[in-house]
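Novice: Pasting the sequence and the predicted coordinates here, then a few questions.
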Amino acid sequence: TCSVAKKELDDLERWKEEHRPGPIKLVPQRLGGKESEAQARTKQQMMLMQSKYQQKHKREKYVEAKKATEEAEILKKKAIQRENAERLEVKKRQQEMQRREMFLEDQYYKTTELLNRLDMGLPKSDSCQIANRGPESTAW
């Protein structure tokens, strides 16, 4: 097994030697463009400063957008609360009106019942005498 492994390693090394890429031949060029190194460095520094300001501006925009969405959410919640409060107020008013109507109806029935009882309890002649008495002898 050791000799087989050694043979495989030798084959691998031979294959690598045979398939090694050749030398690279490039035509020499002047790199860096038309500006000098000092100009390139100042330009790079300006770009760096601008990128800092751009990042700061981007962050501020993000914060503003976040605040605006939060504000919109708060306003939406307030509108929902206001609608709920108005609905509750209308419901209370309706209940109060219903209570008032029931009270007036009940009062009307009680009054008529009392008047009917008074009319039934008194003889006709007495009720006439009471009605015809003068204002100085009124007990009510």
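Specialist: Sure thing, it's come through.
Novice: Quick check: which element contains the residue nearest the centre of the chain?
Specialist: For the chain, the residue nearest the mean C-alpha position is Glu73 (3.0 Å; C-alpha atoms, centre = their mean). Counting by DSSP states H and E, the element that carries Glu73 is helix 37-121.
Novice: Name the spans of the protein whose pLDDT lies under the cut-off.
Specialist: Residue ranges of the chain with pLDDT under 70: 32, 122-140.
Novice: 90 - rerun?
Specialist: Low-confidence segments of the chain (pLDDT under 90): 1-2, 21-40, 49, 52, 116-140.
Novice: Give the burial count for Leu26, as a bare number.
Specialist: Leu26 has 5 neighbours, counted by other C-beta atoms under 10 Å. (C-beta placed from N, C-alpha, C; glycine too.)
Novice: And what about it, helix, strand or coil?
Specialist: Assigned by DSSP: H, G, I helix; E, B strand; the rest coil, the conformation of Leu26 is coil.
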